[in-house]
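J.: turn this into a structure:
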Amino acid sequence: MPNHDIVFMASLFMVVIILRLLLVFAKSSALVVIKSIVSSWIFLLAVLFVFYLLGFWAVVLLSVAMLIKGIHEIIKLWQSDINNPQKIIQLFLVDLILLAWLIIYCLSFACLYYQLNQYGQTSILLWLIFCVQVSDVCQYIMGKSLGQCFFIAKLAPSISPNKTIEGIIFGIPLMALLATFLGNYLTPFNHMQSFLLAVLLGVFGVAGDLFQSFVKRCHQIKDMGTWLKGHGGLLDRIDSLLLSLPLFWGIYLLFLV
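T.: Okay, the predicted model is just below:
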């Protein structure tokens with residue numbers, strides 16, 4: 001792992017911890033949600049940092065662990081509906097698509113890291129995760145700040161009632177601007193490439209989030225699991241990466257290698 005990657009991850013970890021400490025006494029609903037998101041980042045960054053330091057096979061092990069945990073959460077969905085076999089049959093295709101994307105995601109995660117490592121570009125993976133995770137926060141902040149001042153309808157009220165069109169339209173470009181600046185240090189991309197890739201990752205992150213919300217609505221549950229207390233299961237934490245990471249891997253193979 002290149003030294004600047006280690007410095008960046010350590011710096012990011014410290015920033016997240018400081019941000020969490022600053023939000024200890026947050027009372028408003030918006031700040032409480034942000035505090036919850038930041039709290040989950042501390043654990044996830046620590047896990048990612050350790051596996052990153054250990055190298056490729058540790059990342060493969062992490063991918064396998066995510067796959068096993070994700071399959072376990074999907075099986076629990078079926079177990080919760082064991083007394084309603086008709087419901088299991090009706091939702092089988094939806095769950096099968098979720099399982100397929102989980103497998104694709106885990107394969108993409110390991111393969112992308114392997115290829116980036118071959119070219120000494122593993123920091124691109126950090127940049128990708130930054131884009132997708134920060135996009136969620138930017139969308140939330142912009143959605144709360146602007147409300148529904150431009151669009152009467154919400155993005156997908158029956159699936160994810162809290163997502164607004166304003167949050168998507170203004171939140172993703174805000175994240176893309178931050179990602180473009182960070183791309184100067186973590187990627188070989190020029191400004192236009194960084195901005196456009198970040199926007200694509202943000203859009204597909206929303207798609208993954210909505211698909212996950214759709215699955216939960218179908219099963220009438222709030223969270224996919226209880227892996228992280230107060231933050232749901234593994235599938236809840238990687239919902240925005242589920243589609244965006246495989247998409248980026250495909251783009252990297254076709255155009256960026």
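J.: pass me the low-pLDDT residue ranges in this structure, would you?
T.: Across the chain, the ranges flagged by pLDDT under 70 are 1-16, 18-20, 22-44, 227-231.
J.: any buried residues in the longest helix that it contains, and which?
T.: Ranked by residue count under DSSP state H, the longest helix found in the chain is helix 191-219. Buried positions in helix 191-219, judged by neighbour count with 16 or more other CB atoms under 10 Å: 194-195, 197-216, 219. Heads up, the C-betas are built off the backbone N, CA and C, glycines and all.
J.: and it, what does it pack onto?
T.: With contacts taken as 3 or more CB pairs under 8 Å, 6 or more residues apart in numbering; DSSP states H and E, helix 191-219 sits against helix 56-80, helix 92-118, helix 123-146, helix 165-186, helix 241-251.
J.: may I have the third one as CSV, with CA atoms only?
T.: Provided in CSV are the C-alpha atoms of helix 123-146 (Å, rounded to 0.1, in the frame of the first residue of the first chain):
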residue,chain,number,x,y,z
SER,A,123,-5.9,4.9,-3.9
ILE,A,124,-8.6,5.0,-6.6
LEU,A,125,-10.6,2.5,-4.5
LEU,A,126,-10.5,4.9,-1.6
TRP,A,127,-11.6,7.7,-3.9
LEU,A,128,-14.5,5.6,-5.1
ILE,A,129,-15.7,4.8,-1.6
PHE,A,130,-15.4,8.4,-0.7
CYS,A,131,-17.6,9.4,-3.6
VAL,A,132,-20.4,7.0,-2.8
GLN,A,133,-20.4,7.5,1.0
VAL,A,134,-20.1,11.3,0.9
SER,A,135,-22.8,11.4,-1.8
ASP,A,136,-25.3,10.1,0.6
VAL,A,137,-24.5,12.8,3.1
CYS,A,138,-24.5,15.6,0.5
GLN,A,139,-27.9,14.4,-0.8
TYR,A,140,-29.3,14.4,2.7
ILE,A,141,-27.9,17.8,3.6
MET,A,142,-29.2,19.4,0.3
GLY,A,143,-32.5,17.7,0.6
LYS,A,144,-33.0,18.9,4.1
SER,A,145,-31.8,22.4,3.2
LEU,A,146,-33.9,22.9,0.1
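J.: for that helix, packing partners?
T.: For helix 123-146, the packing partners by 3+ CB pairs under 8 Å, 6+ apart are helix 3-22, helix 29-54, helix 92-118, helix 165-186, helix 191-219, helix 241-251.
J.: 6 Å instead?
T.: helix 92-118, helix 165-186, helix 191-219, helix 241-251 (3 or more CB pairs under 6 Å, 6 or more residues apart in numbering; DSSP states H and E).
J.: chain center to the longest helix of the chain, what's the gap?
T.: 8 Å (CA atoms, centre = their mean, to the nearest Å).
J.: quick one: Ser213 from Asp236, how far?
T.: Using CB to CB, to the nearest Å, we find Ser213 at a distance of 10 Å from Asp236.
J.: contacting residues around stretch 169-176?
T.: Here stretch 169-176 makes contact (CB atoms under 6 Å, 6 or more residues apart in numbering) with Val134, Ser135, Cys138, Gln139, Met142, Phe195, Ala198, Val199, Gly202.
J.: try it again with 8 Å
T.: 131, 134-135, 138-143, 146, 150, 194-195, 198-199, 202-203, 206 (CB atoms under 8 Å, 6 or more residues apart in numbering).
J.: next: stretch 136-151.
T.: Applying CB under 8 Å, 6+ apart, the external contacts of stretch 136-151 come out as 30, 33-34, 37, 154, 162-172, 174-175, 178, 202, 205-206, 209, 240.
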